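In: Provided below for reference: sequence and predicted model.
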Amino acid sequence: IPAFSLTLYVIAFATLLARRRSTLDIWMCVVLFSLCVELLLISYLGGAVRLSVGWWSGRFFGLAAVGTVLFVLLAETTGNYMRLARAAANERRARLNRLTSMEILSASFSHEINQPLSSIVNNANAGLRWLSREDPRMDKVQAALQMIADDGHRAGKVVSGIRQMFLKSGRERVLVDLRQVIDDVIIRGWQERLLVDVQVERHFPPDARFVECNAVQMGQAVSNILDNAVDAMKDGGARVQRITVRIDDSEPGEIEVSFADTGPGIEPDIADRVFLPFVSGKREGMGMGLMLCQSVIEAHGGRIWIASNGPTGLDLRFTLPVGTFRVGDAIS
């Protein structure tokens, strides 16, 4: 019987070792090998005498072999279940991230497109008022129509800029004068600020300050900062409504821009979270403006932060690396 059993064990062992199609085959070989050793110890070394040294050696070896194999198989099974659980959790996290990205993208479009649309509506109403007068001012109507056309083109550029920012590809960046970018935003929004009696003071250096950026995206970031400051002062009821825009050379190779208003500032409980999506200090705010500002500034190699936050105003600043000239650079 022992010889016949050993023959079967050896045949099975050789067959499994020859094919080795899976990890289970290898562990079956280990089990068969341990059975062979146990059978040799009990039947031949122990002489098949019960409770002899060889008999006990075979039993202990069999127990150790079975325990080891069982432990390894349990560990392998547990590891497989853990990997499956991690894979499922990663898949759920990836799905949640995709949904969150879609929410952020849709909210970004809604937030950014509201600005030119509001400007279009205001200019259209202004043009209608000029036409409804007994002596229509056609020059004013023409100016309002021109501003509507400009805002329509700006809305298209805003959509394209946001799409490029989230796609992280095809970003067109050229050397531009940062002073000119900020001036263009201030000029575009002068009517809205005039209605709420907000003054804008500019402290710019006399010579140009060039940065390499996407002018549309940078203009949207500046526009968001200015609009937040105007809304804060309007809702806070400040007697003196003033925004001070300053451009300085903070460190070698960097340009710092600061926006200081005279509003009530940001509530302390959200001051450290204002750059997160869907966090807003305004009653009807979407909480996307500063998040987009941070995305634009950091995508251009800069950083943005709140320098001071108090009951008499907020000072928000960002830095950008100084642009370097190359052959073929476009300058505006």
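Out: It's in. Keep in mind that what you see is a predicted model, and the values were worked out from it rather than measured.

In: and residue 207, helix, strand or coil?
Out: Here residue 207 takes the coil state, with states given by DSSP: H, G, I helix; E, B strand; the rest coil.

In: Just give me the neighbour total for it.
Out: 8 (other C-beta atoms under 10 Å). Yep, even glycine has a C-beta here, placed from its N, CA and C like the rest.

In: Quick check: it vs residue 247, distance?
Out: Shown here: residue 207 relative to residue 247, a distance of 11 Å by C-beta to C-beta, to the nearest Å.

In: ok, now which ones touch the nearest residue to residue 214 once chain neighbours are set aside?
Out: Nearest non-adjacent residue to residue 214, counting by C-beta to C-beta, 6 or more residues apart in numbering: residue 173, 5.3 Å away. Contact partners of residue 173, counting by C-beta atoms under 8 Å, 6 or more residues apart in numbering, are 212-214, 300.

In: quick one: which of those is most hemmed in?
Out: That'd be residue 213 among those, by other C-beta under 10 Å, with 27 neighbours.

In: For the nearest residue to it once chain neighbours are set aside, give me its contacts.
Out: Closest residue to residue 213 apart from its sequence neighbours, by C-beta to C-beta, 6+ apart: residue 300 at 5.0 Å. Residues near residue 300 by C-beta under 8 Å, 6+ apart: 173, 211-214, 217-218, 320-321.

In: quick one: which of those residues sit in strands?
Out: In this view, these that belong to strands under DSSP state E are 211-213, 320-321.

In: could these be laid out in a markdown table, adding pLDDT?
Out: Below are those laid out as a markdown table (pLDDT from 0 to 100):
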| residue | pLDDT |
| --- | --- |
| 211 | 91 |
| 212 | 89 |
| 213 | 87 |
| 320 | 92 |
| 321 | 91 |
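
In: just curious, which of those residues is nearest to residue 177?
Out: Nearest to residue 177 among the ones in strands among the contacts of residue 300 is residue 211, at 8.3 Å by C-beta to C-beta.

In: so what secondary structure elements neighbour the helix or strand hosting residue 139?
Out: Residue 139 is part of helix 138-167, with elements assigned from DSSP states H and E. In terms of contacts (3 or more C-beta pairs under 8 Å, 6 or more residues apart in numbering; DSSP states H and E), helix 138-167 is packed against helix 53-132, helix 178-188, helix 215-236, helix 289-299.
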